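In: structure, please.
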Amino acid sequence: MDDKILLNKIADRDEEAFRIFVEKYHKLVLNVCNNILNNFDDAMDISQEVFIKIYESIESFRGDAKITTWLYRIAVNKSLNHLRSVKKRNRFTSLDLIFGNESKTPVPEDQELKPGENIELEENKKALYFALSKLPKKQSVAVSLSYFEDLSYKEISEIMTISVTEVGVLINRGKKKLHKIITEYYQKN
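Out: This next block holds a predicted model:
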């Protein structure tokens, strides 16, 4: 079913249309939330909040942007708000919050890693998470959306409500800082 038709039906409170919409976009929203929160359970909760927000505010979607851009924006904002509220309650001890531990695409059985390769991969992930936790939040989000969600600078600018130029600056500075932090990480360990 076409997204515009789905949205119109959801605006008319058609629960079946909403169920179809959630099934179509749940994985996308869950991935974004999990990449920011690095906690699958929290990501599941926040993704549900995203769809509740959409159901409650469907009339506010003007159709100026793509539906996925609207979904990304809500998911990013809800996830960042969750992080802020968790930070205020001092419930986390690490800033290891940007990317989930699970890959977006499963590894085929015939290409599974050998034990030594798995240890190296885990160490590389640990270094990446550490480095990402040291970036300013806006840089982390921009880098995450670019490299792990494979979004264009234009899409990221719409999601983060900043200019395309600012997205480029955030990503370029983020990459430079990541390189420096990861290099220092390996020198110390």
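In: show me how the protein divides into domains.
Out: Split into domains by automatic domain parsing, the chain comes to 1-93, 112-189.
In: I'd like the next helix or strand past the helix-or-strand element of the chain with minimal mean pLDDT.
Out: Among the helices and strands of the chain, helix 115-134 carries the lowest confidence by mean pLDDT, DSSP states H and E, at a mean of 72. The helix or strand immediately downstream of helix 115-134 is helix 137-147, counting by DSSP states H and E.
In: and that next one, average pLDDT?
Out: Across helix 137-147, the average pLDDT comes to 88.
In: host element of the spatially closest residue to residue 158 that is not a sequence neighbour?
Out: Sequence neighbours aside, residue 69 is the residue nearest to residue 158 in space, at 4.6 Å (criterion: C-beta to C-beta, 6 or more residues apart in numbering). All C-beta atoms are positioned from the backbone trio N, CA, C, and that covers glycine. Secondary structure assigned from DSSP H and E places residue 69 in helix 67-88.
In: elements contacting that helix?
Out: Judged by 3 or more C-beta pairs under 8 Å, 6 or more residues apart in numbering; DSSP states H and E, helix 67-88 is in contact with helix 15-37, helix 40-56, helix 137-147, helix 153-160.
In: C-alpha coordinates for the third one, CSV please?
Out: So that's helix 137-147. This file holds the C-alpha atoms of helix 137-147, laid out as CSV (Å, rounded to 0.1, in the frame of the first residue of the first chain):
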residue,chain,number,x,y,z
LYS,A,137,26.8,14.2,20.4
LYS,A,138,26.0,16.0,17.1
GLN,A,139,29.1,14.6,15.5
SER,A,140,28.3,11.1,16.8
VAL,A,141,24.7,11.2,15.4
ALA,A,142,25.9,12.6,12.0
VAL,A,143,28.6,10.0,11.7
SER,A,144,26.2,7.2,12.7
LEU,A,145,23.5,8.3,10.2
SER,A,146,26.1,8.6,7.4
TYR,A,147,28.1,5.4,7.9
